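1. Structure of the sequence below:
(4 chains)
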Number of protein chains: 2
Amino acid sequence: MPPSKKYTLHDIARELNVSASTVSRALQNNPRISEGMRRNVKELADKMEYQPDFRAMSLRKGSGKTIGVLLPQVDRHFFATVLRGVDEVSSEAGYNVLICQSYESVAKEAALARSLMTGKIDGLLASISIETRNGEHFEQFRRKNLPLVFFDRALESMQVSQVILDDRKGAMMAVEHLIENGRKKIAHFAGPGHIQIYANRTQGYLDALKKHDFTVDERLILKGVITRQAGCEAFRILNDRVDKPDAIFSSGDYSALGAMICAKEAGLRVPQDLAFVGFANEPFGSIINPTLSSVDQHALEMGRQAATLLIQEIENKTKSFIPRKIVLDPLLIVRQSTQIH
Amino acid sequence: MPPSKKYTLHDIARELNVSASTVSRALQNNPRISEGMRRNVKELADKMEYQPDFRAMSLRKGSGKTIGVLLPQVDRHFFATVLRGVDEVSSEAGYNVLICQSYESVAKEAALARSLMTGKIDGLLASISIETRNGEHFEQFRRKNLPLVFFDRALESMQVSQVILDDRKGAMMAVEHLIENGRKKIAHFAGPGHIQIYANRTQGYLDALKKHDFTVDERLILKGVITRQAGCEAFRILNDRVDKPDAIFSSGDYSALGAMICAKEAGLRVPQDLAFVGFANEPFGSIINPTLSSVDQHALEMGRQAATLLIQEIENKTKSFIPRKIVLDPLLIVRQSTQIH
DNA sequence: GTGAAAGCGCTAACAG
DNA sequence: CTGTTAGCGCTTTCAC
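-> Numbering: from 1, shown residues only, chains lettered A, B, ... in the order given. Model (predicted):
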């Protein structure tokens, strides 16, 4: 019997003159099957390149050992690294991973969430899109009793587990670093305020200023600045004023990058005239000139913890459920953009 | 009936005192169902947040409208962009996308390939890992009559469709650009020779030299240099010699980056003393100093074409199959690393 | 227009 | 130790 076409249990069973259940059991190393039978079955299965049908198995068993990951886009080192952590833990635990990108569109996110709730996955890890303002499309997971864990960008209003960074603390560390650096006028690029992590970063910025008796100048806070383009524009707004800042704490590396490039173009010296700290520790931060100080988010660890937590919830599904919140400690990476020589 | 738990067709049917088939048909807008019935069914299905089970549907229909993408890693702008192209075309055609990363490991690649052949997908797009030397684990797709299309890193020996770049031409363009630039001694970072695209890039390098009557110096060709680290080391080897090159054509941007950084550290001026052209046009190329000239691979287009081709093969499965090969034209992006002022 | 019944490929009682 | 049976949730003939 040459391998070709798609074979089923019954094909093997027929060939061996046994029943499908016997084949099924043999393949699962069920102890109630004789050694000889098991060997025969496995041998033939191998020769026929038999692959159990995932759908049938999953349908019958009620679980396909698969977790979904719904995130904005994989083309960000942070998310890609989280994914690697998720992959590590999941494969260790025998789970498959189904990756879905919302591309920062809430419509796509909702559509994907729906599509995932059809028996494709046993639980979901999610990080919401920039556009997402409420969790309607995630509520169904709770109702259908499908475990859900948020990572990084969470909807705090929902009663679900989450793994996040202490963004507020990270921001505070960044700004205190600038203050210790001798900076007197620290501007801030805030992200979209409705996303908790960005609100927290801004809060951390305010905390640091207050702690060191800086007066908060609302004009130094530019909102919704997270792209490279926006960063450049924000820099220009600040630079057109008479009272220019001597440092910028950005809620993201991309906007810090944009501002830094435009600052250099405008003839400013970085960090002497203007210092920068970003957030996310994207790899490009260590190859640009000057290199960019940034807050690292422990992406790999976040992925691992999130996957671990989700798998726990999947496997303890019967037990009464209490949402957990894991908060990781940020790490400030100091580079040239804040270094005084 | 409040939405909760997971409902099936039968739950709806029971509630409405009709049969499951009627519900199924109503939901599919089967014309043989009365207008009123259809409305009733849909209304209730909505209220119950009914979601058809993907596994059952797919099992029964024999197809789940899903394509798989098996690639080395999504944390490369090139692959992430291909993915975006694939997503575009697939969602347009009503297909879902299942993403799998081999992380450049042939063992993981083979395991994933196996796992995908279990009814999870209707066809596969693949780009092989660095370690992959033969297509054993892909042969099954042909035998089981599952459409397979390679993109970028293909196994040319297999009789399957592929969408690739004209790497040879791209390399030739890059090297000719250096020659026109006045460079006399052009070194080359070759990739792993068993991967066709890398062999082609090296071939293009040789073509250009021959065309312009340069003598080929084997000592200028360093093999298997594609990481940042390897690039730096390769530069040092070249720089320790008495006859140093005045240009490097690298088969990848990362090794070009590594070499460029180390060249600058060694006190060389780029591009005056040493010019660089990379391959892949990674985004970091436009933010480093100097910016890096590179060959763009039309990643988005490659993704679109690959997905289009695969979906065609899935939907024409009955017809006799002839593998197709789509070759995209490279685009040389000239930046500061090769610019003479 | 609607229902009954079969079956996609698999596993898991229940028998023996 | 192995076979029989039922059924996961859905679609699809075939009847009426």
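
2. Every contact and neighbour count from this point should use C-alpha atoms.
-> Noted.

3. Number of residues surrounding the residue of the stretch 51-200 of chain A found nearest DNA strand D?
-> Closest to DNA strand D within the stretch 51-200 of chain A is residue A:60: 3.3 Å, counting by CA to the nearest atom of the strand. Number of residues near residue A:60 (other CA atoms under 10 Å in any protein chain shown) recorded here: 12.

4. my read is it is in a helix, agree?
-> Yes: according to DSSP: H, G, I helix; E, B strand; the rest coil, the state of residue A:60 is that of a helix.

5. mind checking pLDDT for it?
-> With respect to pLDDT, residue A:60 has a value of 96.

6. From residue B:59, how far off is it?
-> Per CA to CA, to the nearest Å, residue A:60 is found 11 Å from residue B:59.

7. Also residue A:107?
-> Counting by CA to CA - residue A:107 and residue B:59 are separated by 28 Å.

8. For chain A, what lies in contact range of DNA strand D?
-> Within chain A, the positions near DNA strand D by CA under 7 Å from any atom of the strand are A:17-22, A:32-34, A:37-38, A:56, A:59-60.

9. Restricted to helices, list those.
-> The helices in this structure, assigned by DSSP state H, contain A:20-22, A:37-38, A:56, A:59-60 from those.

10. From those, pick the one nearest residue A:202.
-> residue A:59 (46.8 Å; CA to CA).

11. Distance from the chain centre to the strand or helix carrying residue A:204, please.
-> Here residue A:204 sits within helix A:196-211, counting by DSSP states H and E. Here the centre of mass of C-alpha atoms in helix A:196-211, compared against the chain's by CA atoms, centre = their mean, to the nearest Å, lies 21 Å away.

12. How about stretch A:282-301?
-> Averaging C-alpha positions (CA atoms, centre = their mean) puts stretch A:282-301 16 Å from its chain's average.

13. Output it in PDB, but only the C-alpha positions, please.
-> Presented in PDB, the C-alpha positions along stretch A:282-301 are these (Å, rounded to 0.1, in the frame of the first residue of the first chain):
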ATOM      1  CA  GLU A 282      12.800  48.100  19.600                       C
ATOM      2  CA  PRO A 283      16.000  46.700  18.100                       C
ATOM      3  CA  PHE A 284      16.500  49.800  15.900                       C
ATOM      4  CA  GLY A 285      17.300  51.700  19.100                       C
ATOM      5  CA  SER A 286      20.700  50.200  19.400                       C
ATOM      6  CA  ILE A 287      21.700  50.800  15.800                       C
ATOM      7  CA  ILE A 288      20.700  54.400  15.200                       C
ATOM      8  CA  ASN A 289      22.900  57.300  15.900                       C
ATOM      9  CA  PRO A 290      22.900  58.200  18.700                       C
ATOM     10  CA  THR A 291      21.500  55.000  20.200                       C
ATOM     11  CA  LEU A 292      18.200  55.400  21.900                       C
ATOM     12  CA  SER A 293      17.500  54.900  25.600                       C
ATOM     13  CA  SER A 294      14.300  53.000  26.100                       C
ATOM     14  CA  VAL A 295      12.200  51.100  28.500                       C
ATOM     15  CA  ASP A 296      12.300  47.300  27.900                       C
ATOM     16  CA  GLN A 297       9.000  45.400  28.300                       C
ATOM     17  CA  HIS A 298      10.300  41.900  28.800                       C
ATOM     18  CA  ALA A 299       8.400  40.700  25.800                       C
ATOM     19  CA  LEU A 300       9.600  37.200  25.900                       C
ATOM     20  CA  GLU A 301       8.700  36.800  29.600                       C
END
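
14. Only the buried residues of that stretch, if you could.
-> Along stretch A:282-301, the positions that meet the burial threshold by neighbour count (16 or more other CA atoms under 10 Å in any protein chain shown) are A:282, A:284-301.

15. that's a helix at residue A:170, yeah?
-> Yes: according to three-state DSSP, residue A:170 belongs to a helix.

16. Just the pLDDT for it.
-> For residue A:170, pLDDT reads 98.

17. Relative to residue A:171, how far out is the closest residue to it other than its chain neighbours?
-> Nearest non-adjacent residue to residue A:170, counting by CA to CA, 6 or more residues apart in numbering or on different chains: residue A:330, 5.2 Å away. Counting by CA to CA, the gap between residue A:330 and residue A:171 amounts to 9 Å.

18. same question, residue A:105
-> Distance check for residue A:105 against residue A:171: by CA to CA, it reads 26 Å.

19. More neighbours: which of the two?
-> Relative neighbour count places residue A:171 above the other of residue A:105 and residue A:171, with 31 against 16, counting by other CA under 10 Å.

20. List the residues that contact that one.
-> With contacts defined as CA atoms under 8 Å, 6 or more residues apart in numbering or on different chains, residue A:171 is in contact with A:200-205, A:295.

21. Can you tell me which of those residues is closest to chain B?
-> Within the contacts of residue A:171, the smallest distance to chain B is 19.5 Å, found for residue A:295 (CA to the nearest CA).

22. Check that closest one and give its pLDDT.
-> So, for residue A:295, pLDDT stands at 98.

23. try residue A:3
-> 51.

24. In chain A, where is pLDDT below threshold?
-> Under the criterion pLDDT under 70, the flagged ranges of chain A are A:1-4, A:341.

25. which bits of it sit near DNA strand C?
-> Residues of chain A found near DNA strand C, taking CA under 7 Å from any atom of the strand as the criterion, are A:7-10, A:20-21, A:24-25, A:51-54, A:56-57, A:59-61.

26. Swap in 10 Å and give it another go.
-> With the criterion set to CA under 10 Å from any atom of the strand, chain A comes near DNA strand C through A:6-13, A:19-28, A:30, A:32, A:50-63.

27. hmm, back to that, for the contacts of residue A:171, give me a markdown table that also has distance to chain B.
-> As requested, the contacts of residue A:171 are arranged in a markdown table below (distance: CA to the nearest CA, whole Å):
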| residue | distance to chain B |
| --- | --- |
| A:200 | 27 |
| A:201 | 26 |
| A:202 | 27 |
| A:203 | 30 |
| A:204 | 29 |
| A:205 | 27 |
| A:295 | 20 |
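
28. Report the two members of these separated by the largest distance.
-> Considering CA to CA, no two members of the contacts of residue A:171 lie farther apart than A:203 and A:295, which are separated by 15.2 Å.

29. can you list the residues that contact stretch A:142-160?
-> Defining contact as CA under 8 Å, 6+ apart, one finds that stretch A:142-160 is touched by A:122-129, A:134-135, A:141, A:161-165, A:195-197, A:302-303, A:306, A:309-310, A:313-314, A:317, A:323-324, B:3-6.

30. Can you show me the helices along chain A?
-> In chain A, helices defined by DSSP H lie at A:9-16, A:20-27, A:35-47, A:54-61, A:77-92, A:106-116, A:136-143, A:167-180, A:196-211, A:228-239, A:253-265, A:299-315, listed in chain order.
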